[in-house]
Structures are given as structure tokens and as C-alpha cells.
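Visitor: only geometry, no sequence info:
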């Protein structure tokens, strides 16, 4: 009897526990559902990003090169006469004009030579006057048959010799005056002058073996020399129309240049030279462009970034610089496709133009790309696109 009561008690206890567990499980499931709903309701909305529709534009295709600036004229200033340096009339590094006085060589010996030559000219003129007078007198006497033909010819020859001696004396005087003028060493070209190599008081020789007094480089225009692949040159020349001279043709090719101090290429120039042969080792051709440099800001030897364009425009896909991301060595954009999902798209870029980059492959006109907020979006994520105009 007692065992039956105990078994019945155990059955009621187990049933109560089972019922309690069922109620607890139901409560937990309900609580989890409420939490899931709350989480769904509190999830952040998709990020807002600016998107633009890709289009095509007429552009000038540019190729970029590295080069160096070169002076159009570079002169080593030497004395043309020997002597002592008497005075220096320039400041190192200054801009000088053509004909400015740079250095004076002691003129005293050359002034004396001029005076001696002038005296010789005077003496030759006197001898010529006497010879001409004797020739005229002999001519009258011969006409009167007072002298022989031989005597007349002697007077004629004497007059001719005196005239020749006068011309020789005059030539010596001209040479002496030239040498006197050479004691004033003047700027052969306008430009920027360099370091003084010989100071006042030193003796200098004359001629090509003479020491360099200073160097002078022209300022404006200035050349930028660079090497370009032969295929680039062929492509550029194919865009030129015929019927013009070679110089007129190459000057139609647009050229821009910047230096290492700026990322821009603010200098507009003209192509001046395409060399007449290809370097067999590198497969490149030497080119030279000319740029205005009136303010003297560009210096020979300076590094130059040169952009050479095509004479004819082409149609190309352009995207803003800020829309392009970098993934290690790859360049990519985020394309907004169906369902406003951001798609990773690797692209091949070309040259930069007005804050935009040319896209050679990976993107086509009509597609939408993220142009602002690229860092807030992951590939595959849903975004809230805000349509904006395509701009650099």
C-alpha cells in the first residue's frame, strides 16, 4: 500500500516538472523571438553614398614622360684678349641682358696699340698724297714729252703702292680698335649668369684655351628633353593632317609640363624636335619641347614631368580621381548594380585630365559608380544611392 502511494507521488511530481519545463521553453522561445525582432528593428540602414552615371567624353589622350630642362643657349664666357682682369660688373646668379658689360680687361696696352695704328694711318695718308701729286706732275710732263714713259709708270706704281700701304695701315687700326673693344667682355646672350671663375687682378690668356670667366645660360624659352617610345610617336604623328611642313606638323602636338615642386602641369608648350633616329638599345626617340620662361622660374637641369597629347581628340570613359580605390597594386571602382548592391570592379586606368582619369577597361558608359563615400562601403553591401552629376 505504501509502495503504491509512493509510485503515484512520483508520477505526479514528474508530470509537474514536465509541465514546468514546457512552460519555460515556451517562454524562452518567445523571448528570443522578441529579441530577434528588436534586433531587426534596430539594424542600421544602408549607408548613403553619392553615385554618378558613367559617360563618354571627347578628350585629348595624353602620355606622360620624365625629362630634364635644358637651356636653349649655354655660353662659356672667355676673354678674347690677354691681360689683367681690371673689374667685374655683375652679380653671380643675376639675370643679364644681351650686351651687358660683365668684365673689363686692362685696356691700357690696347689703347696704346690703337694710337700707334692711328699714327701709321696718318703717315700712310701723307705718303699717298705725295705719291698722287708726283703721279699727276709726271702725267703732265709725259704729255709734254718732257719725261719718258718709264718714269711715268714708276710714279703710277708708287701711287698704287702708297694706296695699298694706307689700306694695310687702316686694317691694322681696325684690328687694334677691335682688340680694345674686346677688353670689355659683354654678355653674348641674355640670361642667367653663373659663378665668377676669375676674380679681379688675375691675368688671363686669350682664345679658346683661355680660362672661363663665367657661364651664361639663356632663360626664355627653355627646353624640356625627354625620351618617348616609338609607338607613342607613331600614334601622335598619325593624328596629324598632311600638307604642312615638318615643323608646322609637330608644333600641332600639344605638350604640357610640370616640375617636381608641383603635381600639376601648368606650363603649356610646343613640340620643337623629334629626333631623326630610334635608339636601338631602348627603342625610344629623343624629343624636345619648348616652354616660355620669362619669369625665370624654370632652371636648366631641373626634373620635368612632360605630358604629350594627340593632335586629334578621342572618346573615352572618364571617372573622378576620388572614385578610384587602391587594392595593393590594383585599381578599382564600386559599381552600384541591381538591388543597389556595390560590386567590386577592377579597372585599367589611363592618363589624368582635369581631375579625372581615363578608364581603358573594366567599366563602360551607362553604369553607376560610387563617387563619394567609397571608404564606407564594402563590396556586396547594399547602399542608399544619391544620384549626383559626374564631375572631377
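Guide: Sure thing, it's come through. Fair warning: this is a prediction, and the values are worked out from it, not measured in the lab. Residues are numbered from 1 along each chain as shown.
Visitor: for the rest of this, base every contact and every neighbour count on C-alpha atoms.
Guide: Fine.
Visitor: please point out which parts of the longest strand along the chain sit buried.
Guide: Identified as the longest strand of the chain according to DSSP state E is strand 342-353. By 16 or more other Cα atoms under 10 Å, the buried positions in strand 342-353 come out as 342-344, 346-347, 349-350, 352-353.
Visitor: and these as CSV, adding pLDDT and distance to residue 303?
Guide: Formatted as CSV, the entries for these read as follows, by pLDDT from 0 to 100; distance: Cα to Cα, whole Å:
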residue, pLDDT, distance to residue 303
342, 91, 42
343, 92, 40
344, 93, 37
346, 93, 33
347, 93, 30
349, 89, 25
350, 82, 22
352, 75, 20
353, 74, 21
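Visitor: ok, of these, which one's closest to residue 233?
Guide: Checking the buried residues of strand 342-353 against residue 233 with Cα to Cα, the nearest one is residue 350 at 17.2 Å.
Visitor: how about the closest one: what's its closest non-neighbour residue?
Guide: On the basis of Cα to Cα, 6 or more residues apart in numbering, the spatially nearest residue to residue 350 that is not a chain neighbour turns out to be residue 358, at 4.7 Å.
Visitor: likewise for residue 131?
Guide: Beyond its immediate neighbours in the sequence, the residue positioned closest to residue 131 (Cα to Cα, 6+ apart) is residue 159, lying 4.6 Å away.
Visitor: please pull out the lowest mean pLDDT helix or strand from the protein.
Guide: Comparing helices and strands within the chain by mean pLDDT, DSSP states H and E singles out helix 2-42 as the least confident, with a mean of 49.
Visitor: after that helix comes which helix or strand?
Guide: Elements were assigned by DSSP states H and E; along the chain past helix 2-42, the next helix or strand is strand 48-53.
Visitor: buried residues, that next one. List them.
Guide: By neighbour count, with 16+ other Cα under 10 Å as the criterion, the buried positions of strand 48-53 are 49-53.
Visitor: got a list of what the residue nearest to residue 131 touches?
Guide: Under the criterion of Cα atoms under 8 Å, 6 or more residues apart in numbering, the contact partners of residue 159 comprise 128, 131-132, 135.
Visitor: so, low pLDDT: which residues of the stretch 101-250 of the chain?
Guide: Residues of the stretch 101-250 of the chain meeting the criterion pLDDT under 70: 239-248.
Visitor: that one: strands as residue ranges?
Guide: In the stretch 101-250 of the chain, the strands defined using DSSP state E, counting those that start in this stretch lie at 101-105, 184-186, 191-193, 203-204, 212-217, 222-229.
Visitor: any chance of the buried residues of strand 48-53 in TSV, with pLDDT too?
Guide: Shown next, in TSV, are those (pLDDT from 0 to 100):
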residue	pLDDT
49	87
50	87
51	90
52	90
53	92
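Visitor: out of these, who's nearest residue 259?
Guide: Nearest member of those to residue 259, counting by Cα to Cα, is residue 52, at 33.2 Å.
Visitor: who's in contact with that closest one?
Guide: So, once contact is read as Cα under 8 Å, 6+ apart, residue 52 ends up touching 368-371, 387-390.
Visitor: next: residue 196.
Guide: When the contact criterion is Cα under 8 Å, 6+ apart, the partners of residue 196 are 92, 213-214.
Visitor: just the buried ones from these?
Guide: Burial of the contacts of residue 196 was assessed by neighbour count (16+ other Cα under 10 Å); the buried members are 213-214.
Visitor: before we move on, the earlier item: for the contacts of residue 52, pick the one with the most neighbours.
Guide: Taking other Cα atoms under 10 Å as the neighbour criterion, residue 369 ranks highest of these with 29 neighbours.
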